[in-house]
Every structure is written in structure tokens, then in C-alpha cells.
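Chemist: Have a look; sequence and predicted model below, questions after that.
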Amino acid sequence: MTIAAVERGTGSWNEIEDYEKTRCAWFEGSLSLPGGIPSHETFKRVISALHCAELEKVSNRREAKLTPEAQQSLAADLTAALEAMRAPSI
């Protein structure tokens, strides 16, 4: 869910939560979400616990299916979003 939101241009945990809520019906039709859409704090906690190498593997598998131009754009967007999300909250 978070990757989908980041690919759509979200730039903060709150924006990720807002994006997910606007797509709630689609996600609930595709995923088991007994508690509904997770909060921005849950997204932050889960993504922060992931190992960068594993996240990069998933991203690389997805990118392999894209054109070179789309790969470059996606890589830049994901890098910027992950850096912003790992920055300390004010």
C-alpha cells in the first residue's frame, strides 16, 4: 500500500494515510483489512522496520518490468520519498 502511495507522489506519512483512505474500497477489495486502513503511524513503524536491502529487491523486481525512462523516474521518486520518510519528525 505504501509503495503504491509513494509512486503516486505522496511525500509524508499523513499523505500516505490520506491516499490509502481515498482508495479504501479498492484496497479492502484486494486485501484483508479487518481493522480498516492503517494509520500513518502504523505505516511509519512498519516501513521503518524493513531492511533497505529487502525493500530494494522488491523495487528492483518491479522496475525490471518498466521501460528505462520509467525505471529512472521511479527510482528517483522512491529514493526521495524514503529519505523524506526517514527524516526525524518535527
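Modeler: Received the coordinates, thanks.

Chemist: Run through this structure and note the low-pLDDT ranges.
Modeler: Counting by pLDDT under 70, the chain contains low-confidence ranges at 63, 66, 71, 74, 78, 81-90.

Chemist: all helices of this structure, in order?
Modeler: Taking DSSP state H as the criterion, the chain carries its helices at 2-7, 13-22, 24-30, 40-49, 52-63, 68-86.

Chemist: so the fifth one versus helix 40-49, what angle?
Modeler: This points to helix 52-63. Going by axes from the mean of the first three to the mean of the last three CA atoms, to 10 degrees, helix 52-63 is angled at 100 degrees with respect to helix 40-49.

Chemist: how far does helix 52-63 sit from the chain's center?
Modeler: The gap between the average C-alpha position of helix 52-63 and the chain average comes to 12 Å, counting by CA atoms, centre = their mean, to the nearest Å.

Chemist: Including mean neighbour count, could the helices of the chain go into a markdown table?
Modeler: C-beta coordinates here come from the backbone N, C-alpha and C atoms, glycine included. Output for the helices of the chain, formatted as a markdown table (neighbours: other CB atoms under 10 Å):
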| stretch | mean neighbour count |
| --- | --- |
| helix 2-7 | 18 |
| helix 13-22 | 18 |
| helix 24-30 | 11 |
| helix 40-49 | 14 |
| helix 52-63 | 12 |
| helix 68-86 | 14 |
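
Chemist: Give me the contact list for stretch 31-39.
Modeler: Contacting residues not belonging to stretch 31-39 are listed as Met1, Glu17, Glu20, Lys21, Cys24, Phe27, Glu28, Val46 [CB atoms under 8 Å, 6 or more residues apart in numbering].

Chemist: mind redoing it with 7 Å?
Modeler: Residues outside stretch 31-39 that contact it (CB atoms under 7 Å, 6 or more residues apart in numbering) are Glu17, Glu20, Lys21, Cys24, Phe27.
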